[in-house]
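Colleague: give me coordinates for this.
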Amino acid sequence: MVISRTQSRLKDFRKNNRKPEKRKPRNQKVTESYTYFDGRYKIFRTAISNQVYHFHTYLRNEKKTFRRSLQTTDLKEAEKRAETMYFEVQSQSNSGRRIFSLTARELAEKYIEHEQKRLDNDLISIGRFRNIEAHLKHYLRFVHTTTSIANIDPKFFNDYLGHRKKIKKDVRLTTINNELTTIKKMYEFAREEKYVPPDYFIKYEKFKIDKKAESRDAFEIPEYEILISYSKHFHKYAKNEEDEYYCKLMHLFILLMSNLGMRFGELHNLQYEDIKFIKNIVQITIRKEKTKVRRERVILANEKCAEYLKRVRKISKFTSRTSYIFSSYRKDTICDKSNLYRCYQRLIERISQKKTSAEFDVTKTFYCLRHFFITIRLLQNVNTYKLARYCGTSLKEIQMTYDGMTSL
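Modeller: Predicted coordinates:
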């Protein structure tokens, strides 16, 4: 199931970063041609080459034709230059170095294929794979899809921070740092595969990240009450039955995330085989391949969460053991998270029309619901170690993010 989904996402990545159409070559009629070394290379000239000879050979390793001007009209001189060029090209090719540089898009595709194999072998999580894909889309916007990676100055990445902030002013430094880390790892892969020279290292100025300033805020209790009251009835403004389904799904997603403290991806990827109803409570298994920290954990949730899960099941068309709890409206697959995000964004826009910025902070995201859950538990004096285990994080992370918190 995971393999077919990641392959589908790879196709989407290629589709969204499509190569530009190649221009049709001009009609170049060969007027003179000579082959050498049992036909392994040739020199020739055409009707439009101004009598200048050209070199031609086929590179089997790269499955491409190599052609260069010999910059002479003298046949004897052309033969000398062609022989030198042939052995230089063959020496470089035989050593494993590429003659033709990949484009940025081709490198990104190869790296995604590499990471997909790691995903298939359970070496990374589906969430990490999706993040890599998202990070490389930003990379391609920065360098442009058709740019040859051989022509990208390593120092060019010094401009990445400014580029991202220009596109999205409120982008977090943590996000930019994560993107640059992915790009850096991709170029490590490129060096190993000899797509770039062994001394090619991208360079960018390190920036300090203030953990406190970067952390997402939790919803305040009055804000959360506003969010729930509006999301509860938001399906009434749906455009059609499918939209109504996703609006209801979003409301239940909000309720579950704020009462379970799970990460977005952990909740989104739950399947019915991961939950077990035991009397009035529910046992939830969060598999290691579906969590950021790559460690399986089992949590118990109260009667309220059990009821929310039953309500999701009631509105869904697909409820088999292997079905995703948050399934697509039309087919038995996981619902695209963009459907939840779109409904959430529309909900926030509606709230902003009715409430002032002092009453409701419209910049808060789904992830703030996890912070809301943790903050509430800390205010209730829940044991910090147990809370960290429940939420699949570290005691240090809880202490760093929430140290000194006294109210909500």
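Colleague: pretty sure Leu107 sits against Met186.
Modeller: Yes. If you go by Cβ atoms under 8 Å, Leu107 and Met186 touch, sitting 6.8 Å apart. All C-beta atoms are positioned from the backbone trio N, CA, C, and that covers glycine.
Colleague: who's in contact with Ile286?
Modeller: 262, 266, 270, 274, 296-299, 392 (Cβ atoms under 8 Å, 6 or more residues apart in numbering).
Colleague: with Pro154 instead?
Modeller: By Cβ under 8 Å, 6+ apart, Pro154 lies in contact with 200-203.
Colleague: okay, it: pLDDT?
Modeller: Reported pLDDT at Pro154 in the predicted model: 92.
Colleague: run a quick neighbour tally on the closest residue to Arg313 other than its chain neighbours.
Modeller: In space, and not counting its chain neighbours, Arg313 is closest to Thr319: 5.2 Å by Cβ to Cβ, 6 or more residues apart in numbering. For Thr319, the neighbour count with other Cβ atoms under 10 Å is 14.
Colleague: which SS class is Thr319?
Modeller: Following DSSP: H, G, I helix; E, B strand; the rest coil, Thr319 is assigned to coil.
Colleague: that one against Tyr272, yeah?
Modeller: Yes. Using Cβ under 8 Å, Thr319 is in contact with Tyr272, at 6.3 Å.
Colleague: between those two, what contacts are shared?
Modeller: Arg313.
Colleague: list buried residues within the contacts of Ile286.
Modeller: Among the contacts of Ile286, those classed as buried by 16 or more other Cβ atoms under 10 Å are 262, 266, 270, 274, 297, 299, 392.
Colleague: who does the fifth one bridge with?
Modeller: If I follow you right, that is Arg297. Ile286 (DSSP bridges).
Colleague: who's in contact with it?
Modeller: So Arg297 contacts 285-286, 291, 389-390, 392 (Cβ under 8 Å, 6+ apart).
Colleague: which pair of those residues spans the longest distance?
Modeller: Thr285 and Arg389 (14.4 Å; Cβ to Cβ).
Colleague: just the C-alphas of the helix or strand Lys137 falls within, formatted as CSV.
Modeller: Element membership for Lys137, per DSSP states H and E: helix 126-143. C-alpha atoms of helix 126-143 as CSV (Å, rounded to 0.1, in the frame of the first residue of the first chain):
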residue,chain,number,x,y,z
ILE,A,126,6.2,8.2,5.2
GLY,A,127,6.2,11.6,6.9
ARG,A,128,9.9,12.1,6.3
PHE,A,129,9.5,11.1,2.7
ARG,A,130,6.7,13.7,2.2
ASN,A,131,8.9,16.3,3.8
ILE,A,132,11.8,15.6,1.5
GLU,A,133,9.4,15.9,-1.5
ALA,A,134,8.1,19.3,-0.2
HIS,A,135,11.7,20.5,0.5
LEU,A,136,12.8,19.7,-3.0
LYS,A,137,10.0,21.6,-4.6
HIS,A,138,11.3,24.7,-2.8
TYR,A,139,14.8,23.8,-4.0
LEU,A,140,13.6,23.6,-7.6
ARG,A,141,11.8,27.0,-7.4
PHE,A,142,15.1,28.5,-6.1
VAL,A,143,17.5,27.1,-8.7
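Colleague: that helix packs against which elements?
Modeller: Packed against helix 126-143 by the contact rule (3 or more Cβ pairs under 8 Å, 6 or more residues apart in numbering; DSSP states H and E) you find helix 2-16, helix 104-120, helix 160-167, helix 173-192, helix 264-268.
Colleague: find the nearest non-adjacent residue to Pro161, please.
Modeller: One thing to correct before we go on: residue 161 is Leu, not Pro. Ile176 (5.8 Å).
Colleague: which of the buried ones among the contacts of Ile286 sits closest to Thr401?
Modeller: Closest to Thr401, out of all of the buried ones among the contacts of Ile286 and judged by Cβ to Cβ, is Gly392, at 14.0 Å.
Colleague: OK, contacts around that closest one?
Modeller: 262-263, 266, 286, 291-293, 295, 297.
Colleague: list the buried residues in the helix holding Lys137.
Modeller: Buried residues in helix 126-143 (16+ other Cβ under 10 Å): 126-129, 131-133, 135-136, 138-140, 142-143.
Colleague: now these as a markdown table including distance to His251?
Modeller: Shown next, in a markdown table, are these (distance: Cβ to Cβ, whole Å):
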| residue | distance to His251 |
| --- | --- |
| Ile126 | 25 |
| Gly127 | 23 |
| Arg128 | 28 |
| Phe129 | 28 |
| Asn131 | 26 |
| Ile132 | 31 |
| Glu133 | 28 |
| His135 | 31 |
| Leu136 | 33 |
| His138 | 31 |
| Tyr139 | 35 |
| Leu140 | 35 |
| Phe142 | 37 |
| Val143 | 41 |
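Colleague: tell me the one of those nearest Glu79?
Modeller: Val143 (39.9 Å).
Colleague: around the closest residue to that closest one other than its chain neighbours, how many other residues sit close by?
Modeller: Closest residue to Val143 apart from its sequence neighbours, by Cβ to Cβ, 6+ apart: Ala104 at 4.7 Å. As a burial measure, Ala104 scores 22 neighbours (other Cβ under 10 Å).
Colleague: still on that earlier bit, which ChimeraX command selects the buried ones in the contacts of Pro154?
Modeller: Those of the contacts of Pro154 that count as buried under 16+ other Cβ under 10 Å are selected in ChimeraX with:
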select :202
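Colleague: how close does His56 sit to Phe37?
Modeller: Relative to Phe37, His56 is positioned 12 Å away (Cβ to Cβ, to the nearest Å).
Colleague: more neighbours: which of the two?
Modeller: When His56 and Phe37 are compared for neighbours, His56 comes out ahead with 16 against 13, by other Cβ under 10 Å.
Colleague: picking up where we left off before, now render the contacts of Pro154 as JSON lines, adding distance to Leu161.
Modeller: Converted to JSON lines, the contacts of Pro154 look like this (distance: Cβ to Cβ, whole Å):
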{"residue": "Tyr200", "distance to Leu161": "21"}
{"residue": "Phe201", "distance to Leu161": "18"}
{"residue": "Ile202", "distance to Leu161": "13"}
{"residue": "Lys203", "distance to Leu161": "13"}
